[in-house]
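S.K.: Curious how this folds, go ahead:
(one chain, ligands or ions: 2)
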Amino acid sequence: MSEFEIPAGGLVEAPAVAQPNIFPIEWRCETPKLAEIYERAKREGFNPADINWSELSPEAWSDDEKVAIMYWWALLSNFDSSGPAVFARATIHAWEMHEEDPVRKCFFSITRDETNHEETCQRVIQRLVPNGPQGFTPTSELQRVALNNIGWLYHNGGRYWTGYNRAIDRYPLAVIFTSFMMGEVASSTLFHGMAHATTHPVFREIFTKIGRDEARHLQICINLLEKEWPGLTDEHKTFITKQLRAGFVFLSMVLWEPPAQFWDLPC
Ligand SMILES: [Fe+2]
Ligand SMILES: [Fe+2]
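M.R.: Ligands and ions are numbered 1, 2, ... in the order given. Have a look, this model is predicted:
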């Protein structure tokens, strides 16, 4: 008895997989630099549970001060807590579009890192204001205003999410990713600056670790753009210019400089 059973008419080749699809499986590598960054991501990531949270003592601040600090972390959450879902979607999209292997792995690493950043926001917020950012009962005017602002912030974050979901199938990934580039430029700069400026040891450790991740994300975006830029149409390039501006507008809430067309979203 033979080990194989060949049909009488010979082997029948499998039909091509209808695209877009994550199959067939392949591991193309066109940009070794991205593979190198992914290797670094595996080593440099951090575990938010290892931060010495007992050093962040809620007793050190008044109730209003705690809400004020929590408020800033709630603003940061708009980016860092949406990051996991945003990049998870981009990762799946990269698989379906058969992007080279290092691109898919870099997106996965950003998803992983952003989940750590999200957990960090969660831990700071809940340590300072239990049930924060939205489940606490305000006891002063300042706290009521902060809570109301957070509600609007997340409402608008939701609008960005809807826009992102619409855009992801319409534009090349490099175009989509320039929207994040402003975020990565701003956050790597912001976290490095804050790591130096803060006097609190827990915040210094957090800012240093998140800053290192964000610098890597920025490198990923730049490499992706360098790889894709020559193939982009003029229309896409104009769109990228708009996206860079929209990215800045979105980020302005943590940079304290909201421009006039703050929530004027392109459709
Ligand atoms: Fe982040
Ligand atoms: Fe990032």
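S.K.: Phi and psi next, for the closest residue to K33 other than its chain neighbours.
M.R.: Distance criterion Cβ to Cβ, 6 or more residues apart in numbering; nearest residue to K33, sequence neighbours excluded, is N223 at 5.4 Å. For every residue, glycine as well, the C-beta is placed using N, CA and C. Here is the backbone geometry of N223 (degrees, to the nearest 10): phi -60, psi -40.
S.K.: E214 now?
M.R.: The phi/psi pair for E214 (degrees, to the nearest 10) reads phi -70, psi -30.
S.K.: Up against ligand 2, what does the chain have?
M.R.: Neighbours of ligand 2 within the chain, by Cβ under 5 Å from the ion: E214, H217.
S.K.: Show me what the helix or strand harbouring N148 is packed up against.
M.R.: For N148, the element it lies in under DSSP states H and E is helix 141-167. Contact partners of helix 141-167 among helices and strands, from 3 or more Cβ pairs under 8 Å, 6 or more residues apart in numbering; DSSP states H and E: helix 63-80, helix 83-96.
S.K.: now with 6 Å?
M.R.: Using 3 or more Cβ pairs under 6 Å, 6 or more residues apart in numbering; DSSP states H and E, the elements in contact with helix 141-167 are helix 63-80.
S.K.: Tell me the buried residues in stretch 48-59?
M.R.: P48, I51, L56 (16 or more other Cβ atoms under 10 Å).
S.K.: nearest residue to K42 other than its sequence neighbours?
M.R.: Sequence neighbours aside, S109 is the residue nearest to K42 in space, at 7.3 Å (criterion: Cβ to Cβ, 6+ apart).
S.K.: for the residue nearest the centre of the chain, what are its contacts?
M.R.: In the chain, the centroid-proximal residue (Cα atoms, centre = their mean) is G83; its distance is 3.1 Å. For G83, the contacting residues are E114, by Cβ atoms under 6 Å, 6 or more residues apart in numbering.
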